[in-house]
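Colleague: When you get a sec, could you give me coordinates for this:
(one chain, ligands or ions: 1)
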Amino acid sequence: MRTDPPKSLRPLRAILLGFLLASTPLLTACEEEARIPAHSVIPNPTSVSLSAGDTFHLGDETRITFQPGDEEAERIGQFLADLIGNTVETTPEVTGVVENRQDGSIHLTLQDPPPSVGPEGYELVVSGAGVTIRASSPAGLFYGVQTLRQLLPPVVEYTAAYPKPLYVPAMTVMDTPRFPWRGAMLDVSRHFFQSDDVKRFIDLMALYKLNRLHLHLSDDQGWRIEIPSRPNLTLHGGSTEVGGREGGFFSVDDFSALVQYAADRFVTIVPEIDVPGHTNAALASYPELNCDGVARDLYTGTSVGFSALCTEREEVYEFLEDVVRDIAAVSPGAFFHVGGDEVERLGQEAFNAFIERMEGIVESNGKRLVGWEEVSMADIGPEAVVQLWRPLWKADDGPALDSARAAQAAELQEAALRVASQGTTFILSPADRLYLDMKYNPSTAVGLTWAGMADVRTSYDWTVGELFGILPEESIAGVEAPLWSETIDHIHDIEYLAFPRLAGAAEIGWSLESGRSWEEYRIRLGAQAPRWTALGVNFYRSPDVPWVEGF
Ligand code: TNX
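Modeller: Residues are numbered from 1 along each chain as shown. Below you'll find the model as predicted:
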């Protein structure tokens, strides 16, 4: 099937042509104005060089090939084949071949990757004769496939039969992520979301090369993961949610299936059990976790800070041993998030001692402790990972603070610098930029505003150096965009708050700062609209973005 792009796709050709013209020296005077991107891939790859005049066309005979015996390349090839095909007839054959013959096939290989791609990067070479993706790991191959996917016309995303002249302009892409931690967080406690919703979220994360899904599995309003040795946590503690409707929880099998689904897409699930605060659901389920031995009532409001485990009781640590052991057993990832945020009912000394003991429990189960920034006040080890969330890292950048809060912020900053000097690493989640539950503007129907409002530009248009320059670069593990669910209880709302901002978070985590500018990004972002439409994503059509209409 060797056809010219249909009329409706000619604007893309015009964009590519525009880029070629814009990059000739004759047009330097207009360069600022003519910043037309060469492609609309998000996150922006490290380098893309177009080879003018050549195009790869997919036809009925296109095959996807891999080195015989490379099971991961075969599986990733099948992922691509399923994406491209919408009937048995149009689904490319996935076959092992000893040699990459450039005979019109798409070849995935772990052999001879260019050293510069590193552990998660890839090289993608497209010519009229074929496509080759090279990487040093299956993750790299998968990311190369996601780039190829985004270079294909958006109709490729339709699963139903759809006329698809599929082609990719010839080019070479070299790409490697800036940070190893490129995350999103989903709060399944305030409102519970079923496995299918979480899987959908993982699918959308994978399109943008995000690789950590932090699941906030417990809070005052609900306990959402089955702990076989403590059944009341879910039977009782998981029975409601914000607003008082029926809650829910993941059984051990549900959770294992999620872990596998995510791993298949190179996403590591980071489970969070938030302690010692945010624990009302546990306090309601097991009376011995309370200092007075009396079970609390279930809570369906949205306040924070009022609950705390009785850290003086040994039963609390026996309980936590059970919880960490049972979750670690079904979490192959290296991390266990212990929360640690917003505890108002405990002195600093008791809090620190609790976190230090918690770190021991996590480590004895073979995991690394992750905690919200408050945990840096404790004596945590270099293996710990601290998630910064307060929008206070640049003095003139946050909301005005009263003096008590300013003092607390200064103390936390000092603590973070202290643990940084000992080797602790950081995940950056500045609430005023990356909290997906902040409203875009006053008319956003869902979401909160405590950290300010975050329109698409505010969320994207900052650099790590600008906000976190105080931290040594090597201490930054990456970025994560949390989505708290006090105000949302449906996947449509998840999508509305996450898109487009999650794509921006992915780019901040992956792309070099020298390759990022809002003016250029907004054009690539606008080009996601047909793809999201094909995928059925309920995204916010920000007026600041030139959304591409049609296909
Ligand atoms: C703060 S940031 C919280 C959550 C809320 C969220 C709402 C942090 C670690 N804790 O408990 O859900 O704000 O935006």
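
Colleague: contacting residues for the closest residue to Val41 other than its chain neighbours?
Modeller: Of all residues not flanking Val41 in the chain, Gln150 sits nearest, at 4.8 Å (C-beta to C-beta, 6 or more residues apart in numbering). No exception for glycine: its C-beta is placed from N, CA and C like everyone else's. Residues near Gln150 by C-beta atoms under 8 Å, 6 or more residues apart in numbering: 39-42, 207, 531.

Colleague: Can you verify Gln150 is assigned to a helix?
Modeller: Yes. Assignment of Gln150 by DSSP: H, G, I helix; E, B strand; the rest coil places it within a helix.

Colleague: Between which two of the contacts of Gln150 is the distance greatest?
Modeller: His39 and Leu207 (14.9 Å; C-beta to C-beta).

Colleague: So which bits of this structure are right by the ligand?
Modeller: Contacts of the chain with the ligand, taken as C-beta under 6 Å from any ligand atom, map to 304, 341-342, 372, 389, 435, 437, 448, 484, 486.

Colleague: Please repeat the previous calculation with a cut-off of 8 Å.
Modeller: Applying C-beta under 8 Å from any ligand atom, we find that the chain lies next to the ligand at 187, 190, 219, 274, 278, 302, 304, 339, 341-342, 372-373, 387, 389-390, 429, 431, 435, 437-438, 448, 450-451, 482, 484-486.

Colleague: Quick check: next helix or strand after the worst-scoring helix or strand of the chain on mean pLDDT?
Modeller: The helix or strand of the chain with the poorest confidence is helix 10-22; it has a mean of 41 (mean pLDDT, DSSP states H and E). Using DSSP states H and E, the helix or strand that follows helix 10-22 in sequence is strand 47-57.

Colleague: buried set for that next one?
Modeller: Of the residues in strand 47-57, 48, 50, 55-57 count as buried by neighbour count, 16 or more other C-beta atoms under 10 Å.

Colleague: And the contacts of the following helix or strand past it?
Modeller: Using DSSP H and E, the helix or strand that follows strand 47-57 in sequence is strand 63-66. Strand 63-66 is contacted by residues 73-74, 77-78, 80-81, 92-97, 100, 104-109 when judged by C-beta under 8 Å, 6+ apart.

Colleague: Out of the residues you listed, which end up buried?
Modeller: When those are checked for burial by 16+ other C-beta under 10 Å, the buried set is 73-74, 77, 80-81, 92, 94, 100, 104-109.

Colleague: Looking at those, which one is closest to Ala353?
Modeller: Among the buried ones among the contacts of strand 63-66, and counting by C-beta to C-beta, the member closest to Ala353 is Ala73, at 49.2 Å.

Colleague: Quick check: the closest one touching Gln67?
Modeller: Yes. Between Ala73 and Gln67 there is a contact under C-beta atoms under 8 Å: 6.5 Å.

Colleague: Need the residues touching each of the two.
Modeller: Taking C-beta under 8 Å, 6+ apart as the contact rule, Ala73 and Gln67 both touch 109-110.

Colleague: From the ligand, how far out is the residue nearest to Val41?
Modeller: Distance of Gln150 to the ligand, computed by C-beta to the nearest ligand atom, to the nearest Å: 30 Å.

Colleague: okay, and for this protein, where does confidence drop off?
Modeller: 1-36, 392-401 (pLDDT under 70).

Colleague: which helix is the longest one in it?
Modeller: helix 403-421 (DSSP state H).

Colleague: other SSEs contacting the following helix or strand past it?
Modeller: Following helix 403-421 in sequence order, the next helix or strand is strand 425-428 (DSSP H and E). Judged by 3 or more C-beta pairs under 8 Å, 6 or more residues apart in numbering; DSSP states H and E, the packing partners of strand 425-428 are strand 385-388, helix 464-468, strand 476-483.

Colleague: residues in contact with whatever residue of the stretch 451-551 of the chain ends up closest to the ligand?
Modeller: With C-beta to the nearest ligand atom, the shortest gap between the stretch 451-551 of the chain and the ligand falls at Trp484, namely 3.5 Å. Applying C-beta under 8 Å, 6+ apart, we find Trp484 in contact with 187, 190, 216, 435, 437, 448.

Colleague: how about the residues you listed in CSV, adding neighbour count and distance to Pro177?
Modeller: Formatted as CSV, the contacts of Trp484 follow (neighbours: other C-beta atoms under 10 Å; distance: C-beta to C-beta, whole Å):
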residue, neighbour count, distance to Pro177
Asp187, 25, 25
Arg190, 23, 31
His216, 24, 24
Tyr435, 25, 22
Asp437, 26, 25
Leu448, 16, 30
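
Colleague: Determine which two of those residues are furthest apart.
Modeller: His216 and Leu448 (14.9 Å).

Colleague: Which of the buried residues of strand 47-57 sits closest to the ligand?
Modeller: Using C-beta to the nearest ligand atom, Val48 comes nearest to the ligand of the buried residues of strand 47-57, at 36.4 Å.

Colleague: how far out from the middle of the chain is the longest helix of the chain?
Modeller: Here the centre of helix 403-421 is set off from its chain's centre by 27 Å, with C-alpha atoms, centre = their mean, to the nearest Å.

Colleague: For the residue of the stretch 201-350 of the chain found nearest the ligand, which non-adjacent residue is spatially closest?
Modeller: Proximity of the stretch 201-350 of the chain to the ligand (C-beta to the nearest ligand atom) peaks at Asp341, 3.4 Å away. Spatial nearest neighbour of Asp341, chain neighbours left out: Trp372 (3.8 Å); criterion: C-beta to C-beta, 6+ apart.
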